[in-house]
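>>> Model the structure of this input:
(chains A and B)
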Amino acid sequence: MSVEIIKRLVVFVLLCAVQVLLLNHIHLFGYATPLVYVYFSISFQRGTPRWAALLWSFFLGLVIDIFSNTPGLAAGAMTLIGFVQPMLLEFFLPRDAADNMPVSPITMGYGKYLSFVVILTLAYCLLFFAVETFSVFDWLHWLICATSSALLTVLVVVAVQGMPNSEKSS
Amino acid sequence: MRNLLDFLVKYHYWFLFILLEVVCVTLLFRYNGYQGSVWVSSANVVSGKVYEAESAVSSFFSLSKVNEQLSVRNFYLERQLEQARRLYAEATQDTTALERQQQTLLSQYKLIPAKVISNTVHKADNLLTIDKGKVDGVAVDMGVACGYGVVGVVYLVSDHYSVVIPVLNVTASRISCMIRNRGYFGYLHWDGGDPTVAHVENIPRHARFKRGEWVETSGYSSIFPPGVLVGQIQKVFNSADGLSYRLQVKLTTDFSTLRDVCVISDESVAERTRLMRAAQDSIKKNKDQAN
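Got it, this is the predicted structure:
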């Protein structure tokens, strides 16, 4: 149990550092920023207590906010993802899923895993950019920012997800 | 009663969810108008340290370019000074007066050199963080400039770090400026988008000026001394109501590579700001009473 928590904490710090020091500086074509920390909330395994998922998500969002001067923005959006993730996961389970099934392409199958990641990431990006551009709202700009960022995020998540698996299989 | 308890236990995460979202929304809406929230900004100690380390690494890689720019700028300024000195000496036959005058002007302002440790230019409301704070003498509402021109105004101050509202902030940045040698003044406003272009609003209709002339701070805002460079006039438009001109200005400060800045601390500013606030308050009060 405590090993799980420490593992989670390490991933937490790593995602924060990567996002703040590296990914926040990327604005591909002036629009797309990979928001990879959302992977943290996507990857809660089945059966994670609901309150734990919510609190983890909230605090990750808050730390990102603190570093990028946007209090409440990422925290709010992340909390929503932490709330929705367990519900949505039920729709993407394979027939004989274990109660503590981890979220990964191996346990879920690549198709299901990918659509699960895409839906949550897109939802997150849409919400994030909607609130961010709240004061000067521009439909087209919002859609381009959100979808391109979601696409980039999914790409990075899938690439990162691929790495530990290839290590395991080799 | 038991059913109620069961209900609460079964759906406890709903309440947690709502609670957390309320906290977020509160943060979201209170931050902009709330000066005390240093701990949820990049001015707090932990994030400050992280950004400081990051900028130490990245500034190392841009050192040679910065050096180059500095030497070019230095050369330019030296020549300008030389020219001014020569002209002044020709005009008055007195070589020491100008130096004395310059020194008294500068002694009124204390310059605190600082480094930009985090910065954005792509958002609508950009903020930047510098590595000097209360301990170093930085206070809220001080002006910030760099070797190339105006940067912004200090907004939040913690012990060792400060958050600055740069010109590139749609909602919060209004800096009073005027056209050099012409005296017509307006305020500088950025509309988002291109970080090298901003607009000067409220230039009167009868003003005479040319494209390519320089815009500098007016000194009316009491935040900047007069004469800090802002930019060069590119295009002239009519304002939306047709009552004034709207100038498109090419900013001299390159915000995307900004690293070394100076905080301008003026001892007499505090007094002037207080007076201004008192005046505004009394006007407001009179209005309220009239209503």
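>>> okay, CA-based contacts and neighbour counts for the rest of this
Will do.
>>> Only the buried residues of stretch A:86-100, if you could.
By neighbour count with 16 or more other C-alpha atoms under 10 Å in any protein chain shown, stretch A:86-100 contains the buried residues A:Pro86, A:Leu89, A:Phe92, A:Leu93.
>>> Need the residues that contact stretch B:132-142.
B:112, B:114-115, B:153-162, B:223-224, B:263-266 (C-alpha atoms under 8 Å, 6 or more residues apart in numbering or on different chains).
>>> what about the helices in the stretch 151-291 of chain B?
B:269-290 (DSSP state H, counting those that start in this stretch).
>>> That one: strands as residue ranges?
Under the criterion DSSP state E, counting those that start in this stretch, the stretch 151-291 of chain B contains strands at B:162-166, B:175-179, B:185-189, B:197-204, B:214-217, B:229-238, B:244-251, B:260-266.
>>> So what are the sheet partners of the fourth one and their directions?
What it means is strand B:197-204. If you go by DSSP bridges, strand B:197-204 pairs up with strand B:185-189 (antiparallel), strand B:244-251 (antiparallel).
>>> With the shortest one instead?
Here the strand partners of strand B:214-217, with direction, are listed using DSSP bridges: strand B:175-179 (antiparallel), strand B:229-238 (antiparallel).
>>> hang on, the earlier thing: tabulate the strands of the stretch 151-291 of chain B (CSV), appending mean pLDDT.
Output for these, formatted as CSV (pLDDT from 0 to 100):
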stretch, mean pLDDT
strand B:162-166, 92
strand B:175-179, 88
strand B:185-189, 89
strand B:197-204, 90
strand B:214-217, 86
strand B:229-238, 88
strand B:244-251, 91
strand B:260-266, 81
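>>> Tell me if stretch A:112-125 is near chain B.
No - for stretch A:112-125 and chain B, the contact criterion (C-alpha under 8 Å from any C-alpha of the partner chain) is not met; the two come no nearer than 14.4 Å.
>>> hmm, back to that, out of the buried residues of stretch A:86-100, which one sits closest to chain B?
A:Pro86 (11.6 Å; C-alpha to the nearest C-alpha).
>>> In contact with the residue positioned nearest the centre of chain A, which residues?
For chain A, A:Val38 is the residue whose C-alpha lies nearest the centre (C-alpha atoms, centre = their mean; 1.7 Å). Applying C-alpha under 8 Å, 6+ apart to A:Val38 gives the contacts A:Met78, A:Thr121, A:Tyr124.
>>> Nearest to chain B among these?
Using C-alpha to the nearest C-alpha, the contacts of A:Val38 come closest to chain B at A:Met78, 9.7 Å.
>>> Confirm that the closest one sits in a helix.
Yes - A:Met78 sits within a helix when classified using DSSP: H, G, I helix; E, B strand; the rest coil.
>>> what's the helix or strand for whichever residue of the stretch 1-150 of chain B sits closest to chain A?
Of all residues in the stretch 1-150 of chain B, the one sitting closest to chain A is B:Cys24 (4.1 Å; C-alpha to the nearest C-alpha). B:Cys24 is part of helix B:12-30, with elements assigned from DSSP states H and E.
>>> Packing partners of that helix?
helix A:50-68, helix A:73-91 (3 or more C-alpha pairs under 8 Å, 6 or more residues apart in numbering or on different chains; DSSP states H and E).
>>> among the ones you listed, which is nearest A:Phe29?
helix A:50-68 (20.1 Å; C-alpha to C-alpha).
>>> List the buried residues for the closest one?
Within helix A:50-68, the residues that qualify as buried are A:50-51, A:53-68, counting by 16+ other C-alpha under 10 Å.
>>> For that helix, name the packing helices and strands.
helix A:2-21, helix A:38-42, helix A:73-91, helix B:12-30.
>>> hmm, back to that, same list (the strands paired with strand B:197-204) but as TSV, adding distance to B:Asp136 and mean neighbour count.
Below are these laid out as TSV (distance: least, C-alpha to C-alpha, whole Å; neighbours: other C-alpha atoms under 10 Å in any protein chain shown):
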stretch	distance to B:Asp136	mean neighbour count
strand B:185-189	28	23
strand B:244-251	28	22
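>>> Select, out of the ones you listed, the one closest to B:Ile179.
Here strand B:185-189 is closest among the strands paired with strand B:197-204 (C-alpha to C-alpha), at 6.5 Å.
>>> Lowest-scoring secondary structure element of the chain by mean pLDDT?
Reading this off chain A. helix A:139-169 (a mean of 76; mean pLDDT, DSSP states H and E).
>>> my bad, the chain I had in mind was chain B
helix B:97-108 (a mean of 53).
>>> Wait, A:Arg46 touches A:Ala97, no?
No - assessed by C-alpha atoms under 8 Å, A:Arg46 is found out of contact with A:Ala97, at 9.1 Å.
>>> Local confidence estimate at the residue of chain A found nearest chain B?
The nearest approach of chain A to chain B comes at A:Gly72, 4.1 Å away (C-alpha to the nearest C-alpha). On the pLDDT scale, A:Gly72 is placed at 81.
>>> just checking, it touches A:Glu132?
No - judged on C-alpha under 8 Å, A:Gly72 makes no contact with A:Glu132 at a distance of 10.2 Å.
>>> out of the two, which sits in the more crowded spot?
Legend: neighbour count by other C-alpha atoms under 10 Å in any protein chain shown for A:Gly72 and A:Glu132, higher for A:Gly72 (29 against 19).
>>> For the more buried one, which residues are in contact?
A:Gly61, A:Leu62, A:Asp65, B:Val23, B:Cys24, B:Val25, B:Thr26, B:Leu27, B:Leu28.
>>> my guess is B:Val144 contacts B:Val261, does it?
Yes - between B:Val144 and B:Val261 there is a contact under C-alpha under 8 Å: 6.8 Å.
>>> list residues touching both of those two?
B:Val151.
>>> Looking at the two, which is more packed in?
Set B:Val144 next to B:Val261 and count neighbours by other C-alpha under 10 Å: B:Val144 wins out with 25 against 21.
>>> and that one, which of the three is it?
B:Val144 ends up strand, using three-state DSSP.
>>> Give the bridge partners for it, please.
According to DSSP bridges, beta-bridge pairing links B:Val144 with B:Gly152, B:Val263.
>>> ok, now how distant is it from B:Leu229?
B:Val144 is 12 Å from B:Leu229, where distance means C-alpha to C-alpha, to the nearest Å.
>>> where in chain A is pLDDT low?
Residues of chain A that meet the criterion pLDDT under 70 lie in A:1, A:134-137, A:162-170.
>>> can you list the residues of it near chain B?
So far as C-alpha under 8 Å from any C-alpha goes, chain A lies against chain B at A:21, A:27, A:30, A:50-51, A:54, A:58, A:65-73, A:75-76, A:79-80, A:83, A:133, A:136.
>>> how many other residues sit next to the closest residue to B:Lys250 other than its chain neighbours?
Spatial nearest neighbour of B:Lys250, chain neighbours left out: B:Val197 (4.8 Å); criterion: C-alpha to C-alpha, 6 or more residues apart in numbering or on different chains. Using other C-alpha under 10 Å, B:Val197 has 20 other residues around it.
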